[in-house]
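In: Predicted model follows, preceded by the sequence.
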Amino acid sequence: MEQLALFAEAGQSKGLPVEYLEYFPGLIDESEGDELLDTFIREMPWEQKVRKMYTKEVVTPRLTAWFGDPEAYDYQSLGKSKPHSWTPELLRIKALVEPLAGIKFNCVLLNYYRDGNDSVAWHSDREDILGKNPVIASVSFGQVRSFDIRHKDDHSEKYSVRLEHGSLLMMKSGLQEHWEHRIAKSVKPMKPRINLTFRLIK
Ligand SMILES: O=C(O)CCC(=O)C(=O)O
Ligand SMILES: [Fe+2]
């Protein structure tokens, strides 16, 4: 546990594998970011998902909401719920990240970390519907949290990026295949944070 805490506090790692990850601070300025954070907290249709793990029900330790074009796919056959329709705020952010990603996205998953108890465990975003090597654009608002990555074949190869208010983290092709990521829980008091991950369902 102690080692994990140290890792989370290590701050902005030098020598991030830039072929897989690119960080753009200040994509959105502070005052617009403050407004967006407020609007998202108040107006988004937040849900807390419950997953069945064997016989236990596990509550996801954060709130989520998902947006896209509700008519674009038969989401049920893709194993997904129907997304909510794009809002003007989400479309504006989508238009900012697309030129940097070099692709057009067609959905976005929102995560709301209410405090330091909210988190996302080690995982990679590898879903058939995203294709083999997805590019995912991740925009953050509110509390700075550490985004940790570790190599799947060697967990000692790890880095941490502090995702600042209004920043963009581009998760490039290959990251999901070779690396896992997480947002760890924190024992320090943490204010709300919202993260948007723009994705392309193929
Ligand atoms: O909150 C973040 O920065 C990461 C979220 C994430 O990994 C995901 O939604 O798959
Ligand atoms: Fe993820």
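Out: Yes, it's here. Ligands and ions are numbered 1, 2, ... in the order given.
In: Tell me the secondary structure of whichever residue of the chain sits closest to ligand 1, please.
Out: Closest residue of the chain to ligand 1, CB to the nearest ligand atom: N195 (3.3 Å). Placement of C-beta: from N, CA and C, glycine included. Here N195 is recorded as strand under DSSP: H, G, I helix; E, B strand; the rest coil.
In: Can you check the pLDDT for A184?
Out: A184 is assigned a pLDDT of 98 by the prediction.
In: L6 now?
Out: Looking at L6, its pLDDT is 37.
In: still on that earlier bit, ok, for the residue of the chain closest to ligand 1, nearest residue in space, not its chain neighbours?
Out: Computed as CB to CB, 6 or more residues apart in numbering, the closest residue to N195 that is not its neighbour in sequence is N111, at 4.6 Å.
In: That neighbour sits in which helix or strand?
Out: strand 107-113 (DSSP states H and E).
In: Sheet-wise, list the partners of that strand with their directions.
Out: Paired neighbours of strand 107-113 in the sheet (DSSP bridges): strand 63-68 (antiparallel), strand 193-199 (antiparallel).
In: So which residues make contact with the longest one?
Out: When contacts are defined by CB atoms under 8 Å, 6 or more residues apart in numbering, strand 193-199 is touched by residues 37, 40-41, 90, 93-94, 97, 101, 105-113, 125, 130, 134, 136-145, 163, 183.
In: one step back: list the beta-bridge partners for the residue nearest to N195.
Out: Using DSSP bridges, the bridge partners assigned to N111 are T64, N195.
In: Verify the stated contact: it with V120.
Out: Yes. Contact criterion CB atoms under 8 Å: N111 and V120 qualify, at 6.8 Å.
In: Check what pLDDT the residue of the chain closest to ligand 1 gets.
Out: 98.
In: what do you get for Y54?
Out: 88.
In: That one - how many residues pack around it?
Out: 5 (other CB atoms under 10 Å).
In: Also D38?
Out: D38: 14 surrounding residues under other CB under 10 Å.
In: That one: what secondary structure?
Out: Of the three states, D38 takes helix according to three-state DSSP.
In: OK, contacts around it?
Out: Counting by CB under 8 Å, 6+ apart, D38 has no contacts.
In: tell me the most buried of the strands paired with strand 107-113?
Out: Counting by mean count of other CB atoms under 10 Å, strand 193-199 has the highest mean neighbour count of those, with a mean of 23.
In: Verify the contact between W122 and H181 for me.
Out: Yes. Between W122 and H181 there is a contact under CB under 8 Å: 7.3 Å.
In: got any residues that touch both of these two?
Out: R150.
In: Between the two, which has more neighbouring residues?
Out: More crowded of W122 and H181, by other CB under 10 Å: H181, with 22 against 13.
In: Over to the more buried one: give its phi and psi.
Out: H181 adopts backbone torsions of phi -140, psi 160, taken as degrees, to the nearest 10.
In: any idea how far E32 is from it?
Out: Taking CB to CB, to the nearest Å as the measure, H181 and E32 are separated by 26 Å.
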